[in-house]
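Enquirer: Here is a sequence together with a model predicted from it:
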Amino acid sequence: VKLIQPDLTKATPRIGVGMLAWSSESEYLATRNDNMPHSLWIWSPTSVKPVAVLEFETSICSFKWDPVRPRLAIAIGDRSIATCSKQD
């Protein structure tokens with residue numbers, strides 16, 4: 001996991017989880033930490049453990065769960081879209 005040190009000289013440095021989204025059935029929680037913008041963590045709230053960590057070459061811009069099934073669309077900094085589902 002690539003870690004980026006926050007700029008602590010700023011009044012409000014970006015530290016910690018900056019993006020999160022619950023799957024439609026609340027089966028999974030996806031998070032992106034501002035210190036790790038190339039990594040997307042997918043958590044199981046029942047076990048409170050990550051079930052997957054997705055690594056990308058460029059920063060994750062945004063992500064959104066499918067409203068019907070556990071499938072995630074991820075927008076990446078190189079203007080591409082990735083998808084991830086339980087079957088992948």
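Expert: That came in fine, so what should we check first?

Enquirer: From here on, just use CA atoms for contacts and neighbour counts.
Expert: Fine.

Enquirer: List the buried residues for stretch 10-23?
Expert: 19-23 (16 or more other C-alpha atoms under 10 Å).

Enquirer: So which of those belong to strands?
Expert: 19-22 (DSSP state E).

Enquirer: Dig out what the residue most central in space within the chain forms beta bridges with.
Expert: Residue closest to the mean C-alpha point of the chain, counted by C-alpha atoms, centre = their mean, is L40 at 3.1 Å. Using DSSP bridges, the bridge partners assigned to L40 are L54.

Enquirer: what's near enough to touch it?
Expert: Counting by C-alpha atoms under 8 Å, 6 or more residues apart in numbering, L40 touches 30-33, 53-55, 60.

Enquirer: count of residues packed around K2?
Expert: By other C-alpha atoms under 10 Å, 11 other residues sit near K2.

Enquirer: Verify the contact between N35 and P6 for me.
Expert: Yes: contact between N35 and P6 holds when scored by C-alpha atoms under 8 Å: they sit 6.6 Å apart.

Enquirer: So for those two, which residues contact both of them?
Expert: Common neighbours of N35 and P6 are listed as 14-15 (criterion: C-alpha under 8 Å, 6+ apart).

Enquirer: Compare those two (neighbour count), which wins?
Expert: N35 (17 against 14).

Enquirer: Ramachandran coordinates for the more buried one?
Expert: Dihedral angles of N35 (phi, psi; degrees, to the nearest 10) stand at phi -80, psi -10.

Enquirer: how about the nearest residue to it, chain neighbours excluded?
Expert: Nearest residue to N35, sequence neighbours excluded (C-alpha to C-alpha, 6 or more residues apart in numbering): I4, at 4.9 Å.

Enquirer: how about that neighbour, what does it touch?
Expert: Contacts of I4 by C-alpha under 8 Å, 6+ apart are 35-37.

Enquirer: ok, those residues vs T46, which is closest?
Expert: M36 (23.9 Å; C-alpha to C-alpha).

Enquirer: OK, contacts around that closest one?
Expert: By C-alpha under 8 Å, 6+ apart, the contact set of M36 is 1-4.
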